[in-house]
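Participant: Return a 3D structure for these sequence lines:
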Amino acid sequence: LCARYSQRNLNYSIKKHHQWSVYTDCWKGLEPTHYTVHLLKMDMEQIKKDDEAEEEPPANTMEELLFRELAVLKLGLNRSAKPPFLLRYSEDSGRGLIATRSINTGEVIMEETPAVWGPKADGASCLECGLQLQDLSAVVFCNLCNLHFCSNPCCSSHPSKECKEMQKLIIKTDSLECLGKLTLVIVVLRCLLLPETAPQNWARMRLLQDHLEERKETKLQNLNQMFLVNFLRDIGLDRNYVSDKEIHRVCGILDSNAFESKTYEGLESRALFPLSAMANSSCLPNMTHVTRRDRKMVMVATRDIMKGQELLICYTGIRWGKLTRQKHLLLTKNFLCCCPRCLDPTECGTYISSIKCSQCQGNVIQNIQTAPDQQDLCWFCQDCGVEVEHKKVVAVEVMIGQILKLVNKNSTAHLEGASRKLGKLLSSQHYILLEMYMSLIALYEKREEKPERIVELCGIVLPVLTLLEGSSKAVATLRLSRIGAQVALLQAGNKEKFDWFEESISECKEAYSLIKHDVQAPVAIHQLKSILETLQEENNFTRHSEE
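Facilitator: Numbers count the residues shown, from 1 in each chain. Purely as a prediction, here's the structure:
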């Protein structure tokens, strides 16, 4: 942490190192350990080089602590990176990231390496790439530690320090069931081994909230104790090395802070990005994240951000309804969201959670919830004022959920029919309908069918998503889907309306630059970009010839 101090404060900061590490651990409710002190033993020559360009730590005790915490968290960034934000504390939302300058839409705010990474799967998966393993005879095992992989290249990529620590455990390889259990706990296990495998990443992780007290005696903690903790003991993780409490603390950190991603091929993973996790939540975020193939996570501004404004992401499903969002946040993050969208019964005029009034077909909205115990507040029609009990609204959503179970999600005819029927019960921009429309867009695009319907559905979904998310990854993907459908119509001979082309060129460039390296990006976006460039050249040539 000395590396973040100016030269004249170097001696002072060295003197205070151990005192600060103990103070920080105690402030977090943790026992001081040699790992936090170990982090401070950095190469002094490199420290002197880094110090020249850094500002002095603030004199205020809290700000000084946050300054030093940010220094640890920035270990996940490129050494030359100068992120445009500071770490600040507020009574309402705790620690958060505050912009130190104006940030433009589309600007990269930071690129962070994961402190820990692992596959997220129901069964046995490769511990390096996440590929599902179906045949035990085809599994490649490390000769030293017995960890399982899908191929020799993945096995060779296995870090040597991790391999050394895994050799101390008793890892069974006799069935896919055993491999599946290890896959389920591998992220927790890797976190627990960080003091030996990557002390700097351990220090980054220890700065995250664990909500240990709030999780005590809950069903989730009891389940973790029964399965996860017992499994780790069975494979030889010694209580003298890691206590049950420490295992539960890591589980709390992961549940509260981990980011999940899914590749275009369907491979799911879970990772910790401690600095990115410091961003607070809002259902109207101004940042989106893109996970690259090299596992780095890139935070990008989805709206213009002013100096002094807080940087925000969304911890829950941004396209979910309010009831679902609030329930998820209370269950997993232990707080009630009070962002502007959640405090607005119309949700910024989208009516994304509203059902239709049975009397006048107006939008039925809920009174504002300001406390966790107010989830059953009454609903009322905005047009005629008739009141609807909360349990009746919930009953409608439950009934719709049962209907959707009967719908074939791979049938465009079924989805189209169900959306028409549900449109009689739900607001035109209800989140259930939006999700169905997005599923239809994906199916039509995959099958190369009905480009005119894709354009129509994108016209319904995009305005809502743009309002709620800004220029997010989902918005960029939908814009490319719409452009692809318009190009398909053009190639099919429909040249009646060509006024979309010029706007699509700029939209494509912005969307492509955002998601081109994303693990979820479809391969077709590169082809679409090439087609648009060719069309642009032909269009310019035709215009030049006419002139």
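
Participant: isn't residue 292 right next to residue 516, touching?
Facilitator: No. Applying Cβ atoms under 8 Å as the test, residue 292 and residue 516 come out as separate, 9.8 Å apart. In this view, the C-beta of every residue, glycine as well, is placed from N, C-alpha and C.

Participant: where does the protein dip in pLDDT?
Facilitator: 1-60, 369-375, 494-499, 539-547 (pLDDT under 70).

Participant: at 80 instead, please
Facilitator: Applying pLDDT under 80 to the chain picks out residues 1-60, 121, 264-265, 334, 368-376, 493-502, 522-523, 536-547.

Participant: Tell me which stretches of the stretch 51-200 of the chain form helices.
Facilitator: Counting by DSSP state H, counting those that start in this stretch, the stretch 51-200 of the chain has helices at residues 61-73, 152-156, 160-166, 176-192, 194-197, 199-206.

Participant: Next: the stretch 201-350 of the chain.
Facilitator: Here the stretch 201-350 of the chain has its helices, by DSSP H, counting those that start in this stretch, at 212-215, 219-223, 230-234, 244-257, 274-277, 322-332.

Participant: looking at those helices, which is buried most?
Facilitator: helix 274-277 (a mean of 25; mean count of other Cβ atoms under 10 Å).

Participant: Check which helices and strands that one sits against.
Facilitator: helix 61-73, strand 108-112, helix 199-206 (3 or more Cβ pairs under 8 Å, 6 or more residues apart in numbering; DSSP states H and E).

Participant: wait, which of those is closest to residue 94?
Facilitator: Smallest distance to residue 94 across those (Cβ to Cβ): 10.8 Å, for helix 61-73.

Participant: show me what contacts residue 242?
Facilitator: If a contact means Cβ atoms under 8 Å, 6 or more residues apart in numbering, then residue 242 has 192, 232 as its contacts.

Participant: so how far is residue 87 from residue 112?
Facilitator: 14 Å (Cβ to Cβ, to the nearest Å).

Participant: more neighbours, the two?
Facilitator: More crowded of residue 112 and residue 87, by other Cβ atoms under 10 Å: residue 112, with 29 against 21.

Participant: wait, that one sits on residue 276?
Facilitator: Yes. Using Cβ under 8 Å, residue 112 makes contact with residue 276 at a distance of 5.4 Å.

Participant: Would you mind listing the residues touching both of those two?
Facilitator: Listed contacts common to residue 112 and residue 276 are 297, 299; contacts here mean Cβ under 8 Å, 6+ apart.

Participant: which residue ranges form the helices in the stretch 351-500 of the chain?
Facilitator: Secondary structure of the stretch 351-500 of the chain (DSSP H, counting those that start in this stretch): helices located at 390-405, 412-422, 431-447, 451-469, 473-491.

Participant: can you list the ones you listed in JSON lines and add mean neighbour count and distance to residue 120?
Facilitator: Converted to JSON lines, the helices of the stretch 351-500 of the chain look like this (neighbours: other Cβ atoms under 10 Å; distance: least, Cβ to Cβ, whole Å):
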{"stretch": "helix 390-405", "mean neighbour count": "13", "distance to residue 120": "24"}
{"stretch": "helix 412-422", "mean neighbour count": "15", "distance to residue 120": "27"}
{"stretch": "helix 431-447", "mean neighbour count": "19", "distance to residue 120": "21"}
{"stretch": "helix 451-469", "mean neighbour count": "18", "distance to residue 120": "23"}
{"stretch": "helix 473-491", "mean neighbour count": "22", "distance to residue 120": "19"}
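
Participant: which one of the ones you listed lies closest to residue 70?
Facilitator: Taking the helices of the stretch 351-500 of the chain one by one with Cβ to Cβ, helix 473-491 is closest: 26.0 Å.

Participant: C-alpha coordinates for the closest one, CSV please?
Facilitator: C-alpha atoms of helix 473-491 as CSV (Å, rounded to 0.1, in the frame of the first residue of the first chain):
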residue,chain,number,x,y,z
LYS,A,473,-24.9,-4.5,-23.5
ALA,A,474,-28.5,-5.7,-23.9
VAL,A,475,-29.4,-2.5,-25.8
ALA,A,476,-26.4,-2.9,-28.1
THR,A,477,-27.3,-6.5,-28.9
LEU,A,478,-30.9,-5.6,-29.7
ARG,A,479,-29.7,-2.8,-32.0
LEU,A,480,-27.5,-5.2,-33.9
SER,A,481,-30.5,-7.6,-34.2
ARG,A,482,-32.6,-4.9,-35.6
ILE,A,483,-29.9,-3.8,-38.1
GLY,A,484,-29.4,-7.4,-39.1
ALA,A,485,-33.1,-7.8,-39.8
GLN,A,486,-33.2,-4.5,-41.8
VAL,A,487,-30.2,-5.7,-43.9
ALA,A,488,-32.0,-9.1,-44.5
LEU,A,489,-35.0,-7.2,-45.8
LEU,A,490,-32.8,-5.0,-48.0
GLN,A,491,-31.1,-8.1,-49.5
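
Participant: What residues sit buried inside stretch 506-517?
Facilitator: Residues 507-508, 511-512, 514-515 are the ones in stretch 506-517 that count as buried (16 or more other Cβ atoms under 10 Å).

Participant: just those now: which is nearest residue 76?
Facilitator: residue 514 (21.3 Å).

Participant: Does that closest one touch residue 106 like I think?
Facilitator: Yes. In this structure, residue 514 is within contact of residue 106 by Cβ under 8 Å, at 6.9 Å.

Participant: which residues do those two both contact?
Facilitator: Joint contacts of residue 514 and residue 106 (Cβ under 8 Å, 6+ apart) are 300, 471.
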